[in-house]
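1. Compute the structure for the input listed below.
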Amino acid sequence: MSFTNMYYKRAVGTPKACYVCHKPTTTVLATINTVDFLYTCDTHLSDPGFASQVGTSSDGVGAGGAKKMGLSPEEIAKVKAEWEERQKKKAEKAKEKEKEKDKDKDAKDTADDKDKGSGKETDKVPGSLPSPSTPPTPPTPTHQRYTLHRDIFALRLAEHRRRRQAAQAKELAPRLPGAPMTPLPSNPPS
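-> I've put the predicted structure just below:
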């Protein structure tokens, strides 16, 4: 089972030995499904011979990425303008929806006021809290992403392959026939 060369930096509670220098560290690089993980010092993460952070200008995605991708400043400005127009349209649509909701609420409120005026009372328990609307969802934490250097990643793949082969051999060993226990007949010399 192979995995991609995309690791996420995470902090753990118990320090373990660094993969490179064997000093205790609480920083771990793990794949998305935690198929592979390795403890590493923060200083090694800045070493380009070990790992590179994804999303920086060196990988073609960040600020210097446009030059590497061969985009001219005019093309970039055009794309930015299109994006801003789309965002304005989305904001306008959201405002229109809010206005419609406000109108609906106003209509309901006037109907409720008429009902209250006619002598109907609600069965609210004193001191009870109103039903909460959708609670705000906490923002999902984003972890820094790293790719290992190709040689380090090849070592990780080889280590996983070796573990998998050892597990398969251990599983297969009981099904293989054993060595013969009886001694071989000795032939007398002629």
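2. Partner strands of the longest strand along the chain and their direction?
-> Using DSSP state E, we find that the single longest strand of the chain is strand 7-17. Each strand that pairs with strand 7-17, with its direction, by DSSP bridges: strand 24-30 (antiparallel), strand 145-148 (antiparallel).
3. Okay, and Lys97 sits in which element?
-> Secondary structure assigned from DSSP states H and E places Lys97 in helix 73-117.
4. now the closest residue to Val35 other than its chain neighbours, what's its secondary structure?
-> Spatial nearest neighbour of Val35, excluding adjacent residues (Cβ to Cβ, 6 or more residues apart in numbering): Phe3 at 4.7 Å. C-betas here are computed from N, CA, C, even on glycine. At Phe3 the chain is in coil, as set by DSSP: H, G, I helix; E, B strand; the rest coil.
5. Tell me which residues touch Phe3, please.
-> Counting by Cβ atoms under 8 Å, 6 or more residues apart in numbering, Phe3 makes contact with 31, 33, 35-36, 160.
6. Please list only the buried members of those residues.
-> For the contacts of Phe3, burial is judged from neighbour counts taken by 16 or more other Cβ atoms under 10 Å, and it is met by 31, 36.
7. Out of the contacts of Phe3, which two sit at the greatest distance?
-> Across these, the longest distance by Cβ to Cβ is 12.9 Å; it joins Asn33 and His160.
8. before we move on, the earlier item: in helices, which of the contacts of Phe3 fall?
-> The helices in this structure, assigned by DSSP state H, contain His160 from the contacts of Phe3.
9. quick one on the thing from earlier: and the longest strand of the chain, which residues are buried?
-> Quick answer for strand 7-17 (16+ other Cβ under 10 Å): 7-9.
10. Reformat the residues you listed as a markdown table; add pLDDT and distance to Glu100.
-> Converted to a markdown table, these look like this (pLDDT from 0 to 100; distance: Cβ to Cβ, whole Å):
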| residue | pLDDT | distance to Glu100 |
| --- | --- | --- |
| Tyr7 | 92 | 47 |
| Tyr8 | 92 | 42 |
| Lys9 | 92 | 45 |
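11. Distance check, the residue sitting nearest the centre point of the chain against Asn5.
-> With the centre of the chain defined as its mean C-alpha position, the nearest residue by Cα atoms, centre = their mean is Ile32, 5.5 Å away. As for Ile32, its distance to Asn5 is 12 Å (criterion: Cβ to Cβ, to the nearest Å).
12. Show me the contact partners of stretch 42-49.
-> Counting by Cβ under 8 Å, 6+ apart, stretch 42-49 makes contact with 9, 18-21, 25, 27, 29, 50-51, 53, 146, 149, all of which sit outside it.
13. tell me which of those residues is nearest to Glu84?
-> Distance from Glu84 was checked for each of the contacts of stretch 42-49 by Cβ to Cβ. The minimum falls on Gln53, at 28.4 Å.
14. Give me the number of neighbouring residues for the residue lying closest to the closest one once chain neighbours are set aside.
-> If the residues on either side of it in the chain are set aside, Gln53 comes closest to Tyr146, at 5.5 Å by Cβ to Cβ, 6+ apart. Other residues lying near Tyr146 total 19 when counted by other Cβ atoms under 10 Å.
15. Having no further points to raise, I will conclude here.
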